[in-house]
Every structure is written in structure tokens, then in C-alpha cells.
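One predicted model, sequence on top.
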Amino acid sequence: CFNSGSSCEKCDFETDLCEALHELNLQSGWIRRNGRSGMGPPYSDHNGSDSAYFLSLSSKLKSSSATLRTNAFLPTDEEHVCQITFHYWINQMSATLMVGLQKHSEDTITNIWQVSGELQKQWKANTVTISSTEKYEV
């Protein structure tokens, strides 16, 4: 859920990528699939549906990392806080999942949250709150 002020855009992958994400990102090792795809766990989404779609990293991924980048969000202020809640599933002990913030005036990505070495084999949820005086991507 991408929350800006009182409006909340739900981001699922039932028909395609949601509006918040760049279409070209699926070329970087991410695949859109569901629990029936025959690709191993998870066998359902975070609500327990085996037919609902989610994004997964391809097991054929040769590189050591893959990025998923949002489109640009508008600056935040006291009235418009940005909260992003996401569900994740980690299937490898050696994996690290990171959330980064890139402001449009900066070349670098600032790490704002990460989890690693946590083989949980279940869906977990996390919420990040972002404040930025300029346009940014996550």
C-alpha cells in the first residue's frame, strides 16, 4: 500500500505491475507469479491465496542482486507523510532485502531498512515511513 496523506494506493500484481513501479523492472530478474506456478514456495500470497500474484526473484538469476524501483513520488510535508507497507518472504539464509531511498538531487541511494540472515519461510510485513522535501524514488 502506497500511502500519501489520506489516499492509499493498493499495489498488487493481479493484472500487471502496479502504477507505482517501473514496467521495465521485470527484466532485472523479478518474475510475476502465483503459488500454482510450480516454482516452489511460497505456494500462496500473504492472504493465503494460491491464485493471487506476487513478485519473485527468478532462481535462474545469475547476478547477485536485483532491484525493484518505484516511479517518482512527490515531496512530503507535515500533511502528506508517505508510508509504504510491503509483504516479503525470504527463502535463503544468505539473502538480504533492503529498502533504499533516492532523492532526485542525489546520485546515491540511502538504505532506510534491511533484513538478512532470516530464513523464516513465511510472509512478514513491514512499513517504512518516508519524509523528503524533494521528489524521490524507493
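Sure, I can see it.

Let me see the domain layout of the chain.
Annotated domains of the chain cover 10-67, 72-137 [the TED database].

can I get the ones you listed in TSV with mean pLDDT and mean neighbour count?
For glycine as for every other residue, the C-beta is placed from the backbone atoms N, C-alpha and C. Output for the domains of the chain, formatted as TSV (pLDDT from 0 to 100; neighbours: other Cβ atoms under 10 Å):
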stretch	mean pLDDT	mean neighbour count
domain 10-67	84	14
domain 72-137	89	13
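
Now do the nearest residue in space to T110 that is not next to it in sequence against C18, distance only.
Nearest non-adjacent residue to T110, counting by Cβ to Cβ, 6 or more residues apart in numbering: L101, 4.9 Å away. As judged by Cβ to Cβ, to the nearest Å, L101 and C18 stand 19 Å apart.

L55 - nearest residue in space that isn't next to it in sequence?
Using Cβ to Cβ, 6+ apart, the nearest residue to L55 is W30, at 5.0 Å.

can you pull out the strands in this protein?
According to DSSP state E, the chain carries its strands in the segments 2-4, 7-9, 30-33, 54-57, 82-88, 96-103, 110-116, 124-130, 136-137.

residues touching the closest residue to V115 other than its chain neighbours, list them.
Using Cβ to Cβ, 6+ apart and skipping residues adjacent in sequence, the residue nearest V115 is L97, 5.3 Å away. By Cβ atoms under 8 Å, 6 or more residues apart in numbering, the residues touching L97 are Y88, I90, Q114, V115, S116.

could you list every residue that touches L101?
So L101 contacts I109, T110, I112, I130, S132, Y136, E137, V138 (Cβ under 8 Å, 6+ apart).

Quick check, the fourth one in contact with W113.
In other words, I130. No. Taking Cβ atoms under 8 Å as the definition, I130 is not a contact partner of W113, at 10.3 Å.

What separation is there between D45 and A52?
The gap separating D45 from A52 is 4 Å, by Cβ to Cβ.
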